[in-house]
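Undergrad: for reference, the sequence and a predicted model appear below.
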Amino acid sequence: MLDLETLSTRPNAVILTLGAVKFNPFSLVDPGPGLYIRPDVDEQIAQGRDVQDETVNWWMSQAEDVR
């Protein structure tokens, strides 16, 4: 399973975090360690990736522990 958190809803969005875990949905076996990556936001912006004000405002309206 993959989870992306971004600063836009467009395909070229700046990615805040990427989480991934491999698991078997038909088993109760612990999937083990996953993957968690925080790409450099400034580097992505410099490469022309997208940031939408609406998405940034939505993130800012979330609880601090969620951000």
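TA: Received the coordinates, thanks.
Undergrad: number of residues surrounding residue 25?
TA: 5 (other CB atoms under 10 Å). Where you see a C-beta, it was placed from the backbone N, CA and C, and this is true even at glycine.
Undergrad: checking it next. Helix, strand or coil?
TA: Secondary structure, DSSP: H, G, I helix; E, B strand; the rest coil: residue 25 is coil.
Undergrad: gap between it and residue 32?
TA: Using CB to CB, to the nearest Å, residue 25 is found at 15 Å from residue 32.
Undergrad: repeat that for residue 26.
TA: In terms of CB to CB, residue 26 sits 16 Å off from residue 32.
Undergrad: count of neighbours near the closest residue to residue 51 other than its chain neighbours?
TA: Computed as CB to CB, 6 or more residues apart in numbering, the closest residue to residue 51 that is not its neighbour in sequence is residue 7, at 4.5 Å. As a burial measure, residue 7 scores 21 neighbours (other CB under 10 Å).
Undergrad: next up, the contacts around residue 7.
TA: The contact partners of residue 7, taken as CB atoms under 8 Å, 6 or more residues apart in numbering, are 13-14, 16, 41, 50-52, 55-56, 59.
Undergrad: can you give me the distance of it to residue 35?
TA: Remark: distance between residue 7 and residue 35 (CB to CB) = 20 Å.
Undergrad: and if you look at residue 12?
TA: Distance, residue 12 to residue 35, using CB to CB: 22 Å.
Undergrad: so in the protein, which helix runs the longest?
TA: Longest helix in the chain, counting residues (DSSP state H): helix 53-60.
Undergrad: I figured residue 22 was touching residue 31, is that so?
TA: Yes. Judged on CB atoms under 8 Å, residue 22 makes contact with residue 31 at a distance of 6.1 Å.
Undergrad: and the helices in this protein, which stretches?
TA: Shown for the chain, the helices assigned by DSSP H span residues 41-46, 53-60.
Undergrad: to residue 3, which of those lies closest?
TA: helix 53-60 (14.9 Å; CB to CB).
Undergrad: what's in contact with the closest one?
TA: The contact list for helix 53-60 (CB under 8 Å, 6+ apart) reads 6-9, 13, 67.
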